[in-house]
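Engineer: here are the coordinates; sequence isn't available:
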């Protein structure tokens, strides 16, 4: 699944976020226009927990 990536400007947690650390698609990549970080928190953070949830969703979709 494609992710909208983030440039991590002024983000203290960017090194743990896959929206910042994932490689960009060479031909077609979406980015947030502004860093989604607000008051040191980010609702768009994509870490290990989000990956686990995505894998569970993929598993469910294959079954049904």
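Structural biologist: Nice, I can see it. Note that the structure is predicted; figures quoted are calculated from it, not measured. Numbers count the residues shown, from 1 in each chain.

Engineer: Skipping its backbone neighbours, what lies nearest the one residue sitting closest to the centre of the chain in space?
Structural biologist: For the chain, residue 19 is the residue whose C-alpha lies nearest the centre (C-alpha atoms, centre = their mean; 3.4 Å). Of all residues not flanking residue 19 in the chain, residue 6 sits nearest, at 4.2 Å (C-beta to C-beta, 6 or more residues apart in numbering). To be clear about C-beta, it is placed using only N, CA and C from the backbone, and glycine gets the same treatment.

Engineer: isn't residue 8 right up against residue 16?
Structural biologist: No - applying C-beta atoms under 8 Å as the test, residue 8 and residue 16 come out as separate, 10.6 Å apart.

Engineer: If you count surrounding residues, which of these two has more?
Structural biologist: More crowded of residue 8 and residue 16, by other C-beta atoms under 10 Å: residue 8, with 17 against 13.

Engineer: Name the helix or strand for the more buried one, please.
Structural biologist: Here residue 8 is covered by no helix or strand, with elements defined by DSSP states H and E.

Engineer: What score does it have for pLDDT?
Structural biologist: On the pLDDT scale, residue 8 is placed at 91.

Engineer: ok, the residue nearest to the centre of the chain touching residue 2?
Structural biologist: No - in this structure, residue 19 is not within contact of residue 2 by C-beta under 8 Å, at 11.2 Å.

Engineer: Ramachandran angles for residue 9?
Structural biologist: phi -60, psi 130 (degrees, to the nearest 10).

Engineer: contacting residues for it?
Structural biologist: residue 35 (C-beta atoms under 8 Å, 6 or more residues apart in numbering).

Engineer: now it: how far from residue 36?
Structural biologist: Remark: distance between residue 9 and residue 36 (C-beta to C-beta, to the nearest Å) = 10 Å.

Engineer: Which parts of the chain are helices?
Structural biologist: 18-21, 48-63 (DSSP state H).

Engineer: now for the ones you listed, which one comes closest to residue 42?
Structural biologist: helix 18-21 (8.7 Å; C-beta to C-beta).

Engineer: Can you give the distance from that closest one to the centre of its chain?
Structural biologist: 6 Å (C-alpha atoms, centre = their mean, to the nearest Å).
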